[in-house]
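A.B. asks: missing the sequence, but the structure's below:
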């Protein structure tokens, strides 16, 4: 077992445990905080895989912005914080579907690439990922900015109180 | 130093399944959105893993993941706005009770 | 100026006009109408430029720009300008411009005035795109755009359920024909690996495609034409489509919608011709339809429905003309009918505008009140009946002549159907004319002549409907040269056919006049007057009108037949034919059309409704169950992937 695999198991375990608590926590604020853990774990995995820039974006955008947004959402909706019935009547449906998906996807992933290995040499934090700013991605990025603007306007319009 | 490709893929599958469970089974709309975030992160993990495996010069996997992050941000913004609107009109944040679209 | 090179602007200009009207129309003076009119007028000028260049002897111009690649196939977007296209340009833009101008008066004060003009221009642009298309995909795009525009405009006053129902019926009926059309396009592409119509036809003529495939492809394409051009048995949508504003009916009937089917068959004539069977089918469908529709037209009270059935009947003429006499014969009729029919529809719109009713039973005596409408409507009626030298006479004669020349079983069937239809056409057009303009006014209020913005287009169209046919007259023969190349010879005048076609037209008008006209004193007026008087006496029993219209001619003229035989054998025969035809058409309308064909259409509707109710159980209304279903679908996909790995 090389150091790469050790780090992977460490971060992976953190991600899975956090995600498990996200979906089972009885307190919604606590679920949101567990989400921070899961997202940070994923960011660490990005760093491990050599996608440094993406890892920091993950920390900034997800942990910094999206989770805060979710927390605000929880407060604005005054969702009852504390113990309550948190599952729908059809939780068994979700459990069944996700279990089947887990088994199928894992099986496919494990069998589809026999012996394929990811090289982690020289990855760590050296690859800043600035190659993302390839000129050919300019137009897509502009379109994404347009999408974000549209979402912004849409969100404001939806959440605005009627005059 | 290297890593079998299927390790992160299986991890992503597990993360995706957990997110899917949250989307189907959680009552609170905000928790459903968190499930969606987990699923998107699973997809991103896959994208980055394949990029790390292929190491293409265009960084396509990373760029795609970045787009997914941006789309996720937009999705959370609109999704939360919908949850807030739902709460304001029906006094609940539960998707289970929002069933006006039934025949 | 090289008009062929800028022909691509012809469909673009109305489309630009349409979008401008849509986005800024409301804030401009005239609420968008001037922009739409400007776009169509510019398009008309270009069309005329192209037209005169074509007359000057210029050949085919075809240009395609690369659009996208589908596997090995290149798909282009471009223009093809030839005689056929230039004639269609002129017909479409002239009629469309007249309709645009007229609509300013007719739709004045409508609450969706701006939107109406945007849709009208879009309609025109779509049809022009269909005409200019060099390949089947571009044709299909125009074809479907025309369909959706007709849906929008027929349902323009959608607040009334009947109108939106009619729009849906038109859309779905034509769509069911389009299924065949799309299959035909796919089949031809499979056989030739190209969408370009010229290449497909060259391959078909050269015999590179198996004969069976050519026939199958042509027949499938013709299904689309049956739907679009309202041929039997898919003609049911057209009478209902009268629910739209009357100028829209004029546009649909004369220029932009129903002519698409005939145009398509003419455009792909060589394909149809290389499969003789397909061409025969076209001619036969035409023969059946023209007769059925003409009979139906005789029992309608709604003036627009009279015109609607007559459109179906005349389109069938065009189909039969293309099927037997080649594209020139059919398209010549399309060209003359374009002016004549739009004239009649706009005239009918003027009547409706004045009396606020579609029913002939609420008109009458309008000749004195609305002299311009009367004069123009008279030109249209005589043209439709086939009185020389009005435009429609030449084209109708051309088709009857083509049928006579064609011979053989199909030729004879078409010939008989065409002659009988010519008689019926003259009769029902005369009936509509006399009922609307002669006798006493039977409606309410005080009708007045329409404003100049409405009568102006009428006069222009009336002039065109009168003289436009001369270009195709046998002694000129220019029309077939335009469409079929310089080598096409003008068909000689056949005195027998000519006499027959004029004869039946005159007889039909005389019969109509005999039954409905309050005619000249030399002509035994009291009989007709007696009949008309009875209708007038019973004007409040509007529901009885059909009954009266049929029972009276059966009762009285039969009794008088002996008297007539003494005086005028011919008159008696003519009237007898009219009576028989009316009885038979009543049966046809009530039983075959309303019960049979409509029943099938309604049955299809009910089937869809039942399926919808069954599927409704799946509409849980719970977003999370939908998510679970979607994820289950993903699991199924994953399973499939697993089985393949």
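C.D. replies: Here it is on my side, so go on. Just so it is clear, the structure is predicted and the values come from calculations on it, not from any experiment. Numbers count the residues shown, from 1 in each chain, chains lettered A, B, ... in the order given.

A.B. asks: Quick one: residues contacting residue C:329.
C.D. replies: C:321, C:322, C:395, C:398, C:399, C:402, C:480 (Cβ atoms under 8 Å, 6 or more residues apart in numbering or on different chains). C-beta coordinates here come from the backbone N, C-alpha and C atoms, glycine included.

A.B. asks: confidence score at it?
C.D. replies: On pLDDT, residue C:329 comes in at 79.

A.B. asks: Have a look at the contacts of residue C:329 and tell me the least confident one.
C.D. replies: residue C:480 (70).

A.B. asks: so that one sits right up against residue C:401, yeah?
C.D. replies: No - look at residue C:480 against residue C:401 with Cβ atoms under 8 Å: they stay out of range, at 11.9 Å.

A.B. asks: Tell me the first helix or strand C-terminal of the helix or strand where residue C:51 lies.
C.D. replies: Element membership for residue C:51 (DSSP states H and E) is helix C:33-55. Per DSSP H and E, the first helix or strand lying C-terminal to helix C:33-55 is strand C:61-70.

A.B. asks: Which strands border that next one, and is each parallel or antiparallel?
C.D. replies: According to DSSP bridges, strand C:61-70 forms sheet pairs with strand C:73-81 (antiparallel).

A.B. asks: Could you check the angle the strand it pairs with makes with helix C:33-55?
C.D. replies: Relative orientation of strand C:73-81 and helix C:33-55, computed by axes from the mean of the first three to the mean of the last three Cα atoms, to 10 degrees: 90 degrees.

A.B. asks: what's the average pLDDT for the helix holding residue C:51?
C.D. replies: 85.

A.B. asks: List the buried residues of it.
C.D. replies: C:33-44, C:46-51, C:53-54 (16 or more other Cβ atoms under 10 Å in any protein chain shown).

A.B. asks: and the residue lying closest to residue C:149 once chain neighbours are set aside, how many neighbours does it have?
C.D. replies: Excluding the flanking residues, the one nearest residue C:149 by Cβ to Cβ, 6 or more residues apart in numbering or on different chains is residue C:123, at 3.9 Å. Using other Cβ atoms under 10 Å in any protein chain shown, residue C:123 has 28 other residues around it.

A.B. asks: Who are the packing partners of the lengthiest helix in chain B?
C.D. replies: The single longest helix within chain B, with elements called by DSSP state H, is helix B:60-90. Judged by 3 or more Cβ pairs under 8 Å, 6 or more residues apart in numbering or on different chains; DSSP states H and E, helix B:60-90 is in contact with helix A:52-57, helix A:67-76, helix A:138-159, helix B:29-54.

A.B. asks: Switch these over to TSV, and while doing so, append mean pLDDT, mean neighbour count and distance to residue C:407 to every line.
C.D. replies: As requested, the helices and strands packed on helix B:60-90 are exported to TSV (pLDDT from 0 to 100; neighbours: other Cβ atoms under 10 Å in any protein chain shown; distance: least, Cβ to Cβ, whole Å):
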stretch	mean pLDDT	mean neighbour count	distance to residue C:407
helix A:52-57	86	21	80
helix A:67-76	83	18	82
helix A:138-159	86	14	65
helix B:29-54	91	23	72
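
A.B. asks: Of the contacts of residue C:329, which is the nearest to chain B?
C.D. replies: Nearest to chain B among the contacts of residue C:329: residue C:322, at 48.3 Å, using Cβ to the nearest Cβ.
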